[in-house]
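S.K.: could you work out the structure for the sequence below:
(2 chains)
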Amino acid sequence: MAMLGGVRLIAQEGQGSSIAPAYTGPKVKVAVIGLGVWGREILSVLGRLPQAEVAALCDSYPAFLKRGARQAPGAVNEADAAKVIADRDISALIVATPTHQHREIALAALRAGKHVYCEAPLAHCLEDARAIAVAARALPGQVFQAGLQYRADPQRHFLLPFIRSGAIGRWIMARTQYFKKESWRRASSTPEREKEINWRLDQALSLGLVGEIGMHHLDQVSWFMDRRPIAVSGQGSIRLWADGRTVADTVQAQLEFPEAVNAYFSASLASSFGGEAETYHGSDATILMRESSAWMFKEVDSPLLGWEVYARKEQFQKDTGIVLKLGGSKQASFSEAEVKAEAEKTALYYSIEAFLRNCSSVDMARKDFVEVFGGDDPGLLRNHLSEVKRVPTGGYEEGYRATVLAIKSAEAVAQSKRILLEDEWFELT
Amino acid sequence: MELMKPHRMLFCLWSVALLIAVGLTNAETLELKARPGSKVRIDGTSTVHDWTVEGNLIGGSATVGAGFPLEAAQAVTPGPVAATVNAFIPITSLKSVKDGKPYSTKMDEIMYEKLGKPTHRNIAYSLDELILKSAPEANGAPFLFEAKGKLVVAGVTNLIQLPVEVTPMGEGQVKFATKTSLKMTDYKIEPPAPTIALGLIKTGDEVQLQVEWMTGKPVGK
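M.R.: Okay, here's the model as predicted:
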C-alpha cells in the first residue's frame, strides 16, 4: 500500500537547547562504580556535563580503573566499592557493574544516603530486583534512577503524548530490532579474569540480548502503549559465536498485549544490517525511530492533522517520512556547531543529565529546608524531599517492572517457550 | 467581702486601658511559626511563551495580638489588628515548571542571578500594618485583611500593600494567602532577555505572585 508521507516529529525547545549562558549552577559529586565498556561510556557523558564532578572511580579490575582514570584525571581511584560508598563527600553513585553485582552495591549506597543511578536491568533475578526497588521506595528523599535511558530522552517524551493521543490511529503492532556484528567477548590476560569480564555470555549471570538490550525496547513499547504485556514468548540460537557461551547470539521475542496487539523484538550479534530501530504501526500512521530521530509515515486514508503540511519531509525509497525530530522546527535557526552539539546528546546523555539534575534539586531542597525549619524532624524533611518536582525518568518502579519483563523474556528465549506474565510478579510487596 | 476603694479601682482601670493602648503584651500575643506546606507561584510572560515558577518553602514567623482570628467562627471587629510578620522565601527553592514538571535549569539559573544570588539568598517580607476588612461571609471562607509592609527582592526594598486572606485551619494552624502583581523594574531587576534557538526572548516586566503561607502555634503550646 502506498504511504502518503512521513513527518519528522519535532519537540519544543526547552531542556534541549544548547544555546544558553555557561552553566553556573551547583555541581553534583558523583562516583562511578564499574568501569567496563558501559561504565566508561557513562564517564564520557559525565565529562560533557558541567554539572557533574566525578569525585571517585571504582573497579576491582586495575586495567579498567586505569582506563577510567584517563577520562577523569581528578577522581580518586578505588578498587573497593565500600570505601567509595563510605565517602561522605560523594552525593551520587552510578552503578555500572555487571548486572548480578548491582544488588549489594545499590543497597549499600542507598543505606549510606546516596542518590543512586543503577544500570538496567536492575538485576538478573526477581529477588534481587525486588530488594533494590523496595529499598529505593522506602527512601523517597533520595533519588533512585534505573538506567532506562529512553525514559529520559526528550525526543521520546515528545513522542509519548503524540502516540498516546491516537495520532497513529488504532494500535496494530510494534517491531523493534538490534543488529550489530560483534561477539560481546572481551579478551583478558588470565582465564579467571576473562570469565569474570565475560559475564554477559553466561546464562547464569546474564539476561542475554533480550535482557541487556531488548529490555529498553520492550519497556518503551509498554510505556508508549501505556499497558503491560500479558505474555511473552521467544527463541534464540547461537548462529555465529559458538565460543562456549551459553547465551544466544540471535534472538526473537514476542510480547502479547491486550486486544491482540503484539510487539516483536529481533536481535543478532551475527549480522549488522538494519542496525537499531523501533517501528510503531498504527492504522493511520507508522512511526519509525532510529536513535533520537523519528519519522511519521501516514496512510493515504488517514485524517489530515494539519501541521504535517508544513513539516519537513524526507524520502525513504517510495515512502515519505515526516520528520519528528527534537529541535527541528523550521522556525529555529541553529549554527553548524549547535546542530553537532545537539546530535551528540544521546539518550544516555539525557538520562545522566536528568539524574544529576534531580540529585541537585533534592540536595538544594534539603539545604533550603534545613535553613528554614532545621533538621530536627526527619519525617518532615523526608516528606518535603519526596515532593520535590523531578525530571521524569525511570524510577524504582519502572526499573523493577522493566527488569521483570527482561527476566521473563530471557527465560522465554532460553527455553523457547511462552510465559504468561502474572500480575503479582510486577507488584512490589 | 471587701469593696475596692475608689482610687484603687481607678488605678486598675487605668492599667487595663494602658495595656490595650500598647497593643501587644506577652499575655495577649501568640507566635505563629512557619510550617511546611506553603506554596509560592509566580507567573510571567515573554515574547515566546508564558512561564511559571513554583516553590513550596516559606520561613519566618508572625506574632498576632487580640482580634486576630485563630478560629474559623471567631467574632472579629474590622480595623487595625496588632501583628508583626517576618517571612522569607529562599530563592533557590523557586523552580521553573511546565505541565507540573521541572522546566529549565538555565531559566532557574538566570532567575537566581536576577534575584541576587549569591548576595541575597532570600526574598523577604516584613509587616508594618494589618487591617481587618471583613469577616468570612460563609463557613470556611477566609478573613479578609489589608497588609502594608516592606518587600525586599534582590536587596531592593519597596513598600507594598497586599490583600491578605487569613484562614484558620484548626489545631492552631493559620494560612495566610495573597495575590498581587509586581514589576521587576521596581526592584531594579532588568527583565531577562536570553538568546535561544528561536532568537532573543524578551521577558515581560510584570509578574503575578501568589503565596500561601502555612503557619501554626509552636508545637507543644
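
S.K.: where does pLDDT dip in chain B?
M.R.: In the predicted model, chain B carries pLDDT under 70 at residues B:1-27, B:196-199, B:219-221.

S.K.: same check on chain A?
M.R.: A:1-24, A:326-343.

S.K.: for the residue of it found nearest chain B, grab the count of nearby residues.
M.R.: Of chain A, the residue with the smallest distance to chain B, taken as Cβ to the nearest Cβ, is residue A:372 at 3.6 Å. C-betas here are computed from N, CA, C, even on glycine. Residues lying near residue A:372 (other Cβ atoms under 10 Å in any protein chain shown) number 20.

S.K.: residues touching it, list them.
M.R.: Residues counted as contacts of residue A:372 (Cβ atoms under 8 Å, 6 or more residues apart in numbering or on different chains) are B:34, B:57-59, B:90.

S.K.: secondary structure element for it?
M.R.: helix A:347-373 (DSSP states H and E).

S.K.: so the very next helix or strand once past that helix versus helix A:347-373, what angle?
M.R.: Sequence-wise, the next helix or strand downstream of helix A:347-373 (DSSP H and E) is helix A:378-386. Angle, helix A:378-386 to helix A:347-373, by axes from the mean of the first three to the mean of the last three Cα atoms, to 10 degrees: 140 degrees.

S.K.: ok, helix A:378-386 near chain B or not?
M.R.: Yes - Helix A:378-386 reaches chain B (Cβ under 8 Å from any Cβ of the partner chain) through A:380, A:383-384.

S.K.: for chain B, longest strand please?
M.R.: What stands out as the longest strand in chain B, according to DSSP state E, is strand B:156-170.

S.K.: make a markdown table out of the contacts of residue A:372 and add secondary structure, neighbour count and distance to chain A.
M.R.: As requested, the contacts of residue A:372 are exported to a markdown table (DSSP: H, G, I helix; E, B strand; the rest coil; neighbours: other Cβ atoms under 10 Å in any protein chain shown; distance: Cβ to the nearest Cβ, whole Å):
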| residue | secondary structure | neighbour count | distance to chain A |
| --- | --- | --- | --- |
| B:34 | strand | 21 | 7 |
| B:57 | coil | 23 | 5 |
| B:58 | coil | 27 | 8 |
| B:59 | strand | 21 | 4 |
| B:90 | strand | 20 | 4 |
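
S.K.: quick one, helices of the chain?
M.R.: As the question left the chain open, I've gone with chain A. Under the criterion DSSP state H, chain A contains helices at A:37-48, A:62-71, A:81-86, A:102-111, A:126-137, A:154-164, A:191-197, A:208-212, A:214-225, A:336-343, A:347-373, A:378-386, A:396-415, A:423-426.

S.K.: my question was about chain B, not that one.
M.R.: B:6-22, B:105-114.

S.K.: what's the neighbour count on residue B:211?
M.R.: With other Cβ under 10 Å as criterion, residue B:211 counts 21.

S.K.: how far away is it from chain A?
M.R.: For residue B:211, the distance to chain A equals 15 Å [Cβ to the nearest Cβ, to the nearest Å].

S.K.: on that earlier part again, buried subset of the residues of helix A:378-386 next to chain B?
M.R.: Buried members of the residues of helix A:378-386 next to chain B, scored by 16 or more other Cβ atoms under 10 Å in any protein chain shown, are A:380, A:384.
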